[in-house]
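Coordinates for the following, if possible.
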Amino acid sequence: MILLYVLLIYVLLVFIGVSFGTAYDHAVKKGYEGRKYLLMSLIPVYGYYYAKNLKSRTNVDDIELNHLLSFDILSKRTLFTMLVVFVGIVIFVPAAVLIYLSLQNNLLQTLFSIFIVILLLFIHQGTVVDYARKKGYEGTMVGLIGLIPVYGFYYYYSKEKRRNVSKQGLKQVFSLSNFVQRILIYGEITLVAIIVIVPVIYIFGMAFSNLRTDIPSAIWPENPTFGAFQYLFEETNFTRWYWNTLKIALINMFVGTILITGASYVFARFSFKGKKAGLLTILVLQAFPSFMGLIAMYVLFWKFGLLGKPTALSILYIGGSIPGNLWLIKGFLSQIPKDLDESAMIDGANKLQIFIRIILPLAVPILTFVAVSMFMGPWMDYMLPGYLLRFKPEGAGPDYDITQQWTLAVGLFRFINDLNYQHYSAFAAGAIFVGVPITALYMAFQKYLIEGIMAGATKG
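Residues are numbered from 1 along each chain as shown. The predicted model follows:
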């Protein structure tokens, strides 16, 4: 029944939109524009007859007016209106549902209130910045003063003009179209910021709540405590899990990047038999997910005595990352002109010197991107360590603690999966420590990461 009502509303809105567009186009053709004719055109059916009966102020003929009712024009107008109304409903309905739920739920009500306050602050700031720019004031200080409610606008309203701008130009800052644009732009930015930031704050709040089996209903606890962190370090092998994961990540990053870079250089700079077939084979291997080889991995680890040894996982991580990253680095290296190699060879440089002194410095962005990606992998992977590290290594005694060979993903998952060790706050606290090295790397190499993502987008 609700779907039927929505469909009827949709058809009605499309009809009103088509009627409005047709009526207002008639008025414009006859030389009538403005708010009055916009409002009259919004009245279904009557708006069209009103515009049709207006006396023409221009030299428009009946053929041109009748063309507005042709199948070609009406079909295009209808399709466009249907699309606009559909997008509007897709945006409006979820927003209305969220507003309704926010009135029933305290948490959503708080988030909605925060959203409105931040949105109003940004709209105020954007308006002040536009107004100040019109008068000739620009810079960081303008943006900071614009964040001060009311006073920010009054401050630049009382300032003298540095540019020859008319009153009409200043009034344009407060026009309806500019106001709607600010609402849409800052509304989207604020919504994305809340979606990203609120879960992070919630994770921190859960970590300081010290809850074992309950999930907190508030974003931040009333009485924060370090109990979960004490449990993590004093009653579990968290430090051991962290060290195991860090070792795997470092080996994966350094050894894997070196091996893949060398192979990529060979495929990008040398010509040999089987090169094309080798690249296609690597490309095909990239399509198969790693879990398809779990049985084979287990058998190999068992035969070579690697079960229960965390660092041995680096073999699988490096091998699994070769196909995709090899194509990525090769695509970047292929874009470096070979004239540089030839010029260096004329000067007496060999292949190794060319690779180290010319190619590597130019490939820093893509190498940084690959290195950071390979460093991130072991921190978030549960499947491989959860399957291969649940066995005791060869020669382990009966009192051997199997948990000391786990990685962070395996150990932390225990806090939310095992009823005997359930501790949601400890899981959140551990997740915070997992994010520290990854965040540090991203902040340190963000410049190269952005360049690497852009540069490695093409495969040569």
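
Can you show me the strands along the stretch 151-300 of the chain?
For the stretch 151-300 of the chain, no strands are identified by DSSP state E, counting those that start in this stretch.

quick one: low-confidence ranges for it?
Low-confidence segments of the stretch 151-300 of the chain (pLDDT under 70): none present.

Helices of the stretch 51-200 of the chain, residue ranges please.
62-67, 71-104, 106-134, 140-146, 151-157, 167-171, 176-207 (DSSP state H, counting those that start in this stretch).

hey, which of these is tucked in deepest?
helix 106-134 (a mean of 17; mean count of other Cβ atoms under 10 Å). For glycine as for every other residue, the C-beta is placed from the backbone atoms N, C-alpha and C.

relative orientation of that helix and helix 71-104 in degrees?
120 degrees (axes from the mean of the first three to the mean of the last three Cα atoms, to 10 degrees).

and helix 106-134, how far out from the chain's middle?
In terms of Cα atoms, centre = their mean, to the nearest Å, the centre of helix 106-134 is set 22 Å apart from its chain centre.

From the contact counts, what lies against it?
Packed against helix 106-134 by the contact rule (3 or more Cβ pairs under 8 Å, 6 or more residues apart in numbering; DSSP states H and E) you find helix 71-104, helix 140-146, helix 151-157, helix 167-171, helix 176-207.

export the helices of the stretch 51-200 of the chain to CSV and tack on distance to Tyr387?
Shown next, in CSV, are these (distance: least, Cβ to Cβ, whole Å):
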stretch, distance to Tyr387
helix 62-67, 70
helix 71-104, 40
helix 106-134, 38
helix 140-146, 52
helix 151-157, 58
helix 167-171, 67
helix 176-207, 27
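
right, and these - which one's nearest Ser41?
Minimum separation from Ser41 across these (Cβ to Cβ) falls at helix 71-104, 13.0 Å.

mind listing the helices in the stretch 301-450 of the chain by residue range?
313-335, 339-346, 351-354, 360-362, 364-380, 383-388, 408-417, 424-444, 446-455.

ok, back up a step: looking at the helices of the stretch 51-200 of the chain, which is nearest to Gly17?
Judging these by Cβ to Cβ, what sits closest to Gly17 is helix 71-104, at 3.8 Å.

Domain ranges for the chain, per the record?
2-104, 111-207, 229-393+401-455 (automatic domain parsing).

For the second one, measure first residue to last.
Using Cα to Cα, to the nearest Å, the end-to-end distance of domain 111-207 comes to 20 Å.

how many other residues sit next to Ala263?
Applying other Cβ atoms under 10 Å, we find 17 residues neighbouring Ala263.

what do you get for Leu280?
With other Cβ under 10 Å as criterion, Leu280 counts 10.

how about TSV for the helices and strands packed on helix 106-134, with distance to Tyr5 added?
Formatted as TSV, these follow (distance: least, Cβ to Cβ, whole Å):
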stretch	distance to Tyr5
helix 71-104	12
helix 140-146	43
helix 151-157	43
helix 167-171	42
helix 176-207	27
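
Between those helices, which one is closest to Met376.
helix 176-207 (17.3 Å).

For the closest one, name the packing helices and strands.
When contacts are defined as 3+ Cβ pairs under 8 Å, 6+ apart, helix 176-207 sits against helix 106-134, helix 424-444.

Mean pLDDT lowest where, among those?
Here the lowest mean pLDDT among those goes to helix 106-134, at a mean of 84.

how big is the angle separating it from helix 176-207?
140 degrees.

Adding mean neighbour count and distance to Leu147, write the helices of the stretch 301-450 of the chain out as CSV.
As requested, the helices of the stretch 301-450 of the chain are arranged in CSV below (neighbours: other Cβ atoms under 10 Å; distance: least, Cβ to Cβ, whole Å):
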stretch, mean neighbour count, distance to Leu147
helix 313-335, 21, 41
helix 339-346, 12, 49
helix 351-354, 14, 53
helix 360-362, 12, 42
helix 364-380, 21, 34
helix 383-388, 19, 47
helix 408-417, 20, 39
helix 424-444, 18, 25
helix 446-455, 16, 25
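
can you put the ones you listed in a markdown table and add distance to Gln125?
Below are the helices of the stretch 301-450 of the chain laid out as a markdown table (distance: least, Cβ to Cβ, whole Å):
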| stretch | distance to Gln125 |
| --- | --- |
| helix 313-335 | 40 |
| helix 339-346 | 48 |
| helix 351-354 | 52 |
| helix 360-362 | 42 |
| helix 364-380 | 34 |
| helix 383-388 | 46 |
| helix 408-417 | 40 |
| helix 424-444 | 26 |
| helix 446-455 | 25 |
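
what's the closest of the domains of the chain to Ile215?
Short answer: domain 229-393+401-455, nearest of those by Cβ to Cβ, at 6.0 Å.

picking up where we left off before, mind putting the helices and strands packed on helix 176-207 into TSV with distance to Met297?
Output for the helices and strands packed on helix 176-207, formatted as TSV (distance: least, Cβ to Cβ, whole Å):
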stretch	distance to Met297
helix 106-134	44
helix 424-444	24
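
out of the ones you listed, which comes closest to Lys159?
helix 106-134 (7.7 Å).

What is the burial count for Thr236?
Neighbours around Thr236, by other Cβ under 10 Å: 20.

how close does Ala96 get to Val6?
12 Å (Cβ to Cβ, to the nearest Å).

and if you look at Leu449?
In terms of Cβ to Cβ, Leu449 sits 44 Å off from Val6.

do the same with Ala440
In terms of Cβ to Cβ, Ala440 sits 49 Å off from Val6.

Arg269 too?
60 Å.

can you check Lys159 too?
50 Å.

and if you look at Leu54?
On the measure of Cβ to Cβ, Leu54 and Val6 end up 36 Å apart.

Thr257 now?
From Thr257 to Val6 the distance is 53 Å (Cβ to Cβ).
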